[in-house]
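Enquirer: Give me a 3D structure for the following:
(chains A and B)
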Amino acid sequence: VNSIAAGMAQTLQRTPLFDRHVALGARMVPFAGWEMPVQYDGVIAEHRAVRSDCGVFDVSHMGEVEVEGMHALELLQSLLSNDVARLEIGDAQYTLLTNDRGGIIDDLIVYRIEDYRYLLIVNASNRDTDLRWLKEREIPGSDVRDVSDEYALLAVQGPKSIERLGLPERKAFTWEMGDIDGLEVMVNRTGYTGEAGVELMCPAEDAPALWDAVVARGARPCGLGARDTLRLEVCYPLHGNDITPETDAISAGLGWTCALVKEFTGAAELRRIKADGPAQKLVAFVMTEKAIPRQGMAIEGGGTVTSGSHSPMLDVGIGLGYVSATSAGPGTDLTVDVRGRGRGARIVKKPIYKREEQP
Amino acid sequence: VPAQESYPDDLKYHPEHDWARIDGDEATLGITWWAQDALGELVHYEPPDEGSTVSKDESYGEVESVKAVSDLIAPLSGEVLEVNAAVVDAPETVNEDPYGAGWLIRIRLGDPAEVESLQDVNAYRASLENA
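Expert: Numbers count the residues shown, from 1 in each chain, chains lettered A, B, ... in the order given. As a prediction, this is how the structure comes out:
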C-alpha cells in the first residue's frame, strides 16, 4: 500500500470546535486552509445516520459576509445571479456570484436579515476571493464586511433533525432566531444533504455549548467525507469541482438560479449561452461496472468527471461530469477512463438518490 | 465491525503495509491493519487476473475507500493462483479481518529468496512507530 499523506502544515486555521473533534477521535485533514474532521467513526455509517436519523457537521470554516446599507440591494442585484429583490426579511436564496464570462466565482446562500442588511454564507475556499470581488465593487450606500470569525455554523441534517432539536416545522430557505437549550441561534432552513434539517449560526464563543447540546439531543457527529457523499447522491454541485469560474450556470444545470431578466455580471453571456444551447452539460451518472469514478477522469467522447465517489445508499460508484450536450440525456451509456481501464456508466436523472425510490 | 489493531508474528511484512503468509512455495498476500485503518472502509477492490504475474515492490492491484485510492504493492514476486472473490464482492471484509477472510491474492513464489528481504513483525512495528 502506498504511503498516505500525513503531514499537515502549522498554518491551518481551526474552528471553535477543534477540541471537540479531537476528543471524539476524528481524523483531521487540511481542507481549504482549515484543519477539519473528515470522519469520526466512518464515512458510510455517518452518511447513513443522516439519511435515516440525524447528523451534525461543523461547517464553521464557511465564510459569512454582511452587506449593509441603503444600496445593499442594488449592489447584490448587480453581482448575484438570482433575484435578490424577491427576498422578504426571513427569507434565504441560493444564488451564484458570476464573472464577466458568466463563470461561477462561487455559489452561496443570501439571507435577508433586515430591510437594508443581508448575510451571505459562502464557501470556505472562496471567502477571500468573494470578499475582494464584492469590496472592489462597493457602491456608495453599501458596506461589505467579513464577519466570518465572529460566527460558528453547525449543519444539523436528517429526517429526525427538527424533532430532535425541538424546533417548529418551517419552509425551506427561510430563517428565524431560535433557542436550542438556552442558546440563541440563527436557525436557517438550508442544507447540503438533500434531507430535512437546519444550519445553526451562533457566536463563535457559543459553539462548543451548542455542539454539546445538539450531540446530547442525538445528532451523530459527521465529517466532511459524509458531507461530500451526501451532496453527491442528491447532485448538489461542489464549487471547485462541478462548478468553477470557467464553467457557467446554464451548462451546469443551474439556469434556475439566474434571473436573466435583470442585469448582473455576465448576464449577457448567459443569455447568449441559453439561446445558443451549451456545448456541454453537467450530468449525473451511475457506474454499470464495478469501479469508482473520481474527479478528473476522462469520459469517452470528450467529457470529464468533476465529482465521483462510492454511493453508500446505492452501493455503486456515482458521479457528476460534463459531457457533450448532444448526448447528455438520461439512459445514455458512458465509458469512464478509470486509470487506463474503460468502465461502463449510465447517465441518470438528477438526483441520483431519492428517498421515495429506496425501500 | 472494524478489527482491533494487531500484527500477527507468523507473517512477513513489506514497508508499504502489505503482509505475506508463506506456505512452502506459495504465499497469501494482504494489507496490514495499519493500511486498512489509514484508508477507512474499503468499497472497491481491483484485483489482478488469475494466472498473471506480480513483481515484488510493484503494484498488483488497487483498493479504494470512499475518499482514497491506493495501489497494492506486492511484497513478493510470483504467479497469481487465486484472487479472493469474497473481497471483490464485499471489500469491507478487509477492514473486518485483514489477516484472515480479508486476504487479497494467493501466489506461487517466483523467487523464494525474496522472502529474506521482508520485515518480521518487530521490524514492521518499529517502522510504524517511526513513521
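Enquirer: Residue numbers of chain B in contact with chain A?
Expert: B:2, B:16-18, B:31-32, B:35, B:38-41, B:43-44, B:46, B:62-73, B:88, B:131 (C-beta under 8 Å from any C-beta of the partner chain). Backbone N, C-alpha and C define where each C-beta goes, glycine included.
Enquirer: among those residues, which ones are buried?
Expert: Among the residues of chain B next to chain A, those buried by neighbour count (16 or more other C-beta atoms under 10 Å in any protein chain shown) are B:2, B:16-18, B:31-32, B:35, B:38-41, B:43-44, B:46, B:62-73.
Enquirer: Quick one: mark the members of those that sit in helices.
Expert: B:35, B:38, B:39 (DSSP state H).
Enquirer: gap between the last one and residue A:43?
Expert: With distances defined as C-beta to C-beta, to the nearest Å, the gap from residue B:39 to residue A:43 amounts to 11 Å.
Enquirer: Which residues are in contact with each of those two?
Expert: residue B:65 (C-beta atoms under 8 Å, 6 or more residues apart in numbering or on different chains).
Enquirer: quick one, strands of the stretch 1-150 of chain A?
Expert: Secondary structure of the stretch 1-150 of chain A (DSSP state E, counting those that start in this stretch): strands at A:27-31, A:34-39, A:55-58, A:63-68, A:92-98, A:104-114, A:117-122, A:143-146.
Enquirer: Tell me which of these sits nearest to chain B.
Expert: Chain B lies closest to strand A:34-39 among the strands of the stretch 1-150 of chain A, at 6.6 Å (C-beta to the nearest C-beta).
Enquirer: Name the residues that touch that closest one?
Expert: A:8, A:12-15, A:18, A:21, A:24, A:26-31, A:46, A:58, A:61, A:124, A:221, A:223-226, B:40, B:67.
Enquirer: just checking, residue A:337 is part of a strand?
Expert: Yes. According to DSSP: H, G, I helix; E, B strand; the rest coil, residue A:337 belongs to a strand.
Enquirer: tell me the most buried of the strands of the stretch 1-150 of chain A?
Expert: strand A:55-58 (a mean of 28; mean count of other C-beta atoms under 10 Å in any protein chain shown).
Enquirer: and that one, average pLDDT?
Expert: When pLDDT is averaged along strand A:55-58, the result is 98.
Enquirer: likewise stretch A:148-163?
Expert: On average, the pLDDT along stretch A:148-163 is 98.
Enquirer: Run through chain A and note the low-pLDDT ranges.
Expert: Scanning chain A for pLDDT under 70 picks out A:1-10, A:356-359.
Enquirer: For it, just list every one of the helices.
Expert: Using DSSP H, the helices found in chain A span residues A:18-23, A:43-52, A:72-79, A:127-136, A:161-165, A:207-216, A:224-233, A:267-276.
Enquirer: List the buried residues in the third one.
Expert: For helix A:72-79, the neighbour count (16+ other C-beta under 10 Å) marks A:72, A:73, A:75, A:76, A:77, A:78, A:79 as buried.
Enquirer: Return the distance of the residue nearest to residue A:314 when sequence neighbours are not counted relative to residue A:232.
Expert: Distance criterion C-beta to C-beta, 6 or more residues apart in numbering or on different chains; nearest residue to residue A:314, sequence neighbours excluded, is residue A:353 at 6.3 Å. The gap separating residue A:353 from residue A:232 is 9 Å, by C-beta to C-beta.
Enquirer: which of those two has more neighbours?
Expert: residue A:232 (26 against 23; other C-beta atoms under 10 Å in any protein chain shown).
Enquirer: Can you list which of the residues of chain B next to chain A are found in strands?
Expert: B:18, B:31, B:43-44, B:46, B:62-65, B:69-73 (DSSP state E).
Enquirer: Okay then, goodbye and thanks.
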